[in-house]
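Engineer: Pasting the sequence and the predicted coordinates here, then a few questions.
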Amino acid sequence: MIHAIVLMLAMQAATQDPAQHQNAGVAALKAAQTDVAIAEFKKEIELDPASAPGYFGLGVAYMQSKDYAAAIAPLKKALELDPNLTAVHKSLSYALLTAGYASEAIPQFQKSGDKAGLGIAELQVGDLLNAVQNLQGALAERPNDPDLLYYLARATGLLSKQLTDALIAEYPDSPRADLAAAENYAALRQEQDAEANYQAALKQRPDLPGAHLALGQLYASESKWKEAEEEYRAEAKLAPGNAEAAYRLGMALLQEGSAAQAEIELERANRLLPDMPETLYALGKADSLVGNPAAAEKAWKHLIEIEKTGTLAAQAHFGLAGLYRKQGKAEDAAREMQLFQDAKGPQKPQ
Amino acid sequence: MLRKLLIPVLLLSTAQTVPTFDVSTPKGMDFVLENSPTPKKYLIETMPGGVALLDYNNDGLLDVFLVNGGKITSNMPEPLNFDRDNPKYWNRLYRQNKDGSFTDVTEAAGLAHAGNGNYGMGVAVGDYDNDGYPDLYVTSYGKNILYHNNGDGTFTDVTRKAGVEGGGWSESAGFLDYDNDGYLDLFVTRYMEWDPAHNKDCGGYFHTYCPPAEYPATTNILYHNNHDGTFTDVSKSSGIAAKKSRSLGVAFNDYDNDGFADIMVANDAMQEFLFHNNKNGTFTEVALDAGVGFTDNGSPVSGMGVDFRDYDNDGLADVVITDLARQVYALFHNDGNGMFSYRSMETNLGVLTAGSSGWGMRLEDFDNDGWKDLFVVQSHVMDNVDQVTPSIHYLQPPMLAFNRQGRFELGDPGTSMPVASRGAAFGDINNDGWMDVIESVLGGHPLVFRNRGGSAHWLTLALRGTKSNRDGYGARVLANGQTQYATAAGSYLSSSDKRVHFGLGSAKTANVEVFWPSGIHQVLKGVQADQILEVREPEKP
């Protein structure tokens, strides 16, 4: 079969008909004979210098051979000769983008209506707001495309940083700037700087939404539970409907050994946002510690109904095993312990 | 008027019960713990070394034995040579002089050289032949050594004859009489299957030691004393070797008060072990069923040091395990009926220890108020953890937490200087009735924490077994509502003063009961406080 194509191509190379070279070039492209295709399209252009398809074919052949820079000139010539060849826009835009000419690629992508390529090109030139919009549009058409997810994540991350930098540069003394800087430091695990900036933000605006919560989480990450409790309490006072503040306050109280107070806050969190597995687990723990095994059992069983596997489910089974053991229910305890082991998943062999 | 007068009196009383510590390296104690850290991050480098407080010459003063590591180079060809012939890498025995200074008697005692193939780890002390002189068991990466105390200031290596060389990577060890036959048996923890050729570096940009799960687990060892200077390895027949682990610490107590010693083992990053003594020479590992295997979240901790004592004076032995920062020291309360509850948070240890990494430790009454406090020597396992995780620190000061009727409050251990501590032994070094501490420091001199004491009363009992083992190990001792257990084991890699100490608060006398391992129950009424009293086991019940 390959011998037959080569023989046919050899016969066509001798002809003076541009159309035959066009056909031979297309056939060679399909057969991944890139060098042959380039030669055929060059011959076609030589015989017919006004052949837009000839230049298009040559550009595509260069792209197929990964020589994107070489593809740009013939693709541009093809468009010059026939601006209505819409397929050329798409090829030229990718050739420009891949060769590093993102700015030039953008109008081509706009003409071809390719949102994914356009978003990537905009990301490369720093037009982050449009990049995010176009990549989101492309992702809606191709959900879970790993390349698009990567570029969108990168674009949103950079946009976030850009906006934060702008906020800090334009309004350096504002509480929002302090808050943004604090979050940056916290992400970089520079706890002291983060704490100073959170404190500065709250000094200016003690009612800044979320700031007490974030500062509390910073303290919690350093196991400074008393300080964390104070911040969560402040957030809960500012936003009594905030279930997360109530939950985190309950967790801090648990860490401090104040189970009865923790139980009150965790019950409140559960009322504000019911069926959160994290809240149910902590609530069961608080119930157990204050000597209310029936409530603990109820919370942990409800958690397991919602979330059958994973860490929280394993912890709930472990808690139930301990609870049943102390009640003398050996069979129930053994069952829960087995479920704990199962929910934990496979362990590294000892 | 009366109320006005009472307030200063109460304040004075409170102030007098809080002791302070003088912290220093004693005169004459020039030991440096040579762990030889290398860029290769061989895991053994960060694990030594033990310290023992013992009265090896029976002069009434506690002496100090310190275990050294050895020389490690980045290239460790077989056969391994840790250069233990070099005096720099010797273990050291320091005899305490009457003026509180120490004299190095290592060479004269026959304790120089510990075998070039052995990188030192820990030490256990016990009179295994009941001759009245404490013997030494030194653990190593390599082979362990049993030194028999000849009673004349010298020791003899009797390892081969005794059959207790172990092998692999041994860590903490302890003497106990698990079958109550009057002779001390020996429990040896082992960490993992590891050798330099298979060492791993788990760092990215920074070289770091690997977590324990990167290496296969191994078995612990139980040696039964044959009463003739030899031991039999009963690890398999006793059930001790039925489970593999990565063990670092061991402590003994009789948690169900059935008269037989049980064994608590601190395991690193896996379930802890509680070996329940079946009273027939076998053990059953019951940690999960007893609720002492994991924290209340079902999570393992990086167990390193362990103590097994009654912290809340309810007569039942509780468990405290030290671990790494971002965990908290695990306290398991003995609820009775063989059940424990995780109580780190309720006792305030959660708040006090979340940023700490602990090794040697002890529940002991340092302020003599009748409640056992917690003293922990600290340091992270990774010497470059500050670079990897800036909020966690390699060098740390010790932690003293006073026990205020079951809830712990931070005290002053006498220094805030951060060091890389590992082993710690506890005892009354100057016989003043106030418990002192000695810690080993990686790459540095040991530090002694001398308790300056206060006004509270105390009682120290030196047990002398007759039918029971001579050290009285395994005796349960009650005094004025407190319970102690006679053992030198616990902590990490270390062996403490074998005498039994009670803080008596304002009481000037104590009613004492001793439940000897032999089954003999001895009662001493109205014992005068503020004395070190030898209590001899009666020949008959």
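Structural biologist: That came through fine.
Engineer: wait, what's in contact with the closest residue in space to residue A:142 that isn't next to it in sequence?
Structural biologist: Nearest in space to residue A:142, with sequence neighbours left out and distances taken as CB to CB, 6 or more residues apart in numbering or on different chains, is residue A:148 at 6.1 Å. In this view, the C-beta of every residue, glycine as well, is placed from N, C-alpha and C. Neighbour list for residue A:148: A:116, A:135, A:138, A:139, A:142 [criterion: CB atoms under 8 Å, 6 or more residues apart in numbering or on different chains].
Engineer: The first one is in what secondary structure piece?
Structural biologist: When you say that, I think you mean residue A:116. In the assignment (DSSP states H and E), residue A:116 maps to helix A:115-125.
Engineer: Which one of the contacts of residue A:148 is nearest to residue B:164?
Structural biologist: residue A:139 (67.5 Å; CB to CB).
Engineer: out of the contacts of residue A:148, who's nearest chain B?
Structural biologist: residue A:135 (30.5 Å; CB to the nearest CB).
Engineer: Checking my notes, the closest one in a helix, right?
Structural biologist: Yes. Assigned with DSSP: H, G, I helix; E, B strand; the rest coil, residue A:135 falls within a helix.
Engineer: can you pull the contacts of it?
Structural biologist: Applying CB under 8 Å, 6+ apart, the residues contacting residue A:135 are A:115, A:116, A:119, A:120, A:123, A:148, A:151, A:152, A:155.
Engineer: related to what we said a few turns ago, quick one, which of the contacts of residue A:148 are buried?
Structural biologist: Burial by neighbour count, 16 or more other CB atoms under 10 Å in any protein chain shown: within the contacts of residue A:148 this picks out A:116, A:135, A:138, A:139.
Engineer: give me the element the residue nearest to residue A:142 is part of.
Structural biologist: helix A:146-170.
Engineer: That helix to helix A:115-125, inter-axis angle?
Structural biologist: Angle between the axes of helix A:146-170 and helix A:115-125 is 40 degrees (criterion: axes from the mean of the first three to the mean of the last three CA atoms, to 10 degrees).
Engineer: Next, the angle from the helix or strand following helix A:146-170 to helix A:146-170.
Structural biologist: As assigned by DSSP H and E, the chain's next helix or strand after helix A:146-170 is helix A:175-187. Computed by the same axes, to 10 degrees, the angle separating helix A:175-187 from helix A:146-170 equals 130 degrees.
Engineer: from the chain's centre, how far out does helix A:175-187 sit?
Structural biologist: 22 Å (CA atoms, centre = their mean, to the nearest Å).
Engineer: so who does the nearest residue to residue B:29 once chain neighbours are set aside touch?
Structural biologist: Ranked by CB to CB, 6+ apart and with sequence neighbours excluded, the top spatial neighbour of residue B:29 is residue B:102, at 4.8 Å. Counting by CB under 8 Å, 6+ apart, residue B:102 makes contact with B:26, B:27, B:28, B:29, B:63, B:64, B:94, B:95, B:96.
Engineer: how much space between the second one and chain A?
Structural biologist: This means residue B:27. 39 Å (CB to the nearest CB, to the nearest Å).
Engineer: Residue B:232: which element?
Structural biologist: strand B:231-233.
Engineer: what residues are up against residue B:137?
Structural biologist: Taking CB under 8 Å, 6+ apart, one finds B:123, B:124, B:125, B:126, B:144, B:145, B:146, B:147, B:164, B:173, B:175, B:186 in contact with residue B:137.
Engineer: so the third one sits right up against residue B:494, yeah?
Structural biologist: Translated: residue B:125. No. In this structure residue B:125 lies outside contact range of residue B:494 using CB atoms under 8 Å: 9.4 Å.
Engineer: so what sits against both of the two?
Structural biologist: Joint contacts of residue B:125 and residue B:494 (CB under 8 Å, 6+ apart) are residue B:52.
Engineer: Of the two, give the one with the bigger neighbour count.
Structural biologist: Legend: neighbour count by other CB atoms under 10 Å in any protein chain shown for residue B:125 and residue B:494, higher for residue B:494 (37 against 28).
Engineer: Which residues are in contact with that one?
Structural biologist: Residue B:494 neighbours (CB under 8 Å, 6+ apart): B:50, B:51, B:52, B:122, B:123, B:172, B:360, B:423, B:424, B:425, B:440.
Engineer: how about a cut-off of 6 Å?
Structural biologist: Listed by CB atoms under 6 Å, 6 or more residues apart in numbering or on different chains, the contact set of residue B:494 reads B:50, B:51, B:360, B:423, B:424, B:425.
Engineer: tally of neighbours for the closest residue to residue B:327 other than its chain neighbours?
Structural biologist: Residue nearest to residue B:327 in three dimensions, not counting chain neighbours: residue B:301, with 4.8 Å by CB to CB, 6+ apart. Neighbours of residue B:301 under the rule other CB under 10 Å: 23.
Engineer: And residue A:241, by the same measure?
Structural biologist: For residue A:241, using other CB under 10 Å, the count is 9.
Engineer: Spell out which parts of the stretch 151-300 of chain A neighbour chain B.
Structural biologist: A:191, A:222, A:223, A:225, A:255, A:256, A:257 (CB under 6 Å from any CB of the partner chain).
Engineer: In JSON lines: the residues you listed, plus neighbour count and pLDDT.
Structural biologist: What follows is these, written out as JSON lines (neighbours: other CB atoms under 10 Å in any protein chain shown; pLDDT from 0 to 100):
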{"residue": "A:191", "neighbour count": "17", "pLDDT": "90"}
{"residue": "A:222", "neighbour count": "17", "pLDDT": "87"}
{"residue": "A:223", "neighbour count": "21", "pLDDT": "88"}
{"residue": "A:225", "neighbour count": "24", "pLDDT": "94"}
{"residue": "A:255", "neighbour count": "21", "pLDDT": "95"}
{"residue": "A:256", "neighbour count": "19", "pLDDT": "95"}
{"residue": "A:257", "neighbour count": "20", "pLDDT": "94"}
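Engineer: So which of those residues is the closest to chain B?
Structural biologist: Once CB to the nearest CB is applied, the member of these that ends up nearest chain B is residue A:223, at 3.0 Å.
Engineer: What is the subsequent helix or strand relative to the host helix or strand of residue A:194?
Structural biologist: According to DSSP H and E, residue A:194 maps onto helix A:191-204. Sequence order places helix A:211-221 as the next helix or strand after helix A:191-204, per DSSP H and E.
Engineer: and that following helix with helix A:175-187, angle?
Structural biologist: Using the same axes, to 10 degrees: helix A:211-221 against helix A:175-187 is 20 degrees.
Engineer: backbone phi and psi for the closest residue to chain A within the stretch 301-450 of chain B, please?
Structural biologist: Relative to chain A, the nearest point of the stretch 301-450 of chain B is residue B:354 (3.0 Å; CB to the nearest CB). Here is the backbone geometry of residue B:354 (degrees, to the nearest 10): phi -60, psi -30.
Engineer: buried ones in whichever strand or helix holds residue A:95?
Structural biologist: Residue A:95 is part of helix A:86-98, with elements assigned from DSSP H and E. By 16+ other CB under 10 Å, the buried positions in helix A:86-98 come out as A:88, A:89, A:90, A:91, A:92, A:93, A:94, A:95, A:96, A:97, A:98.
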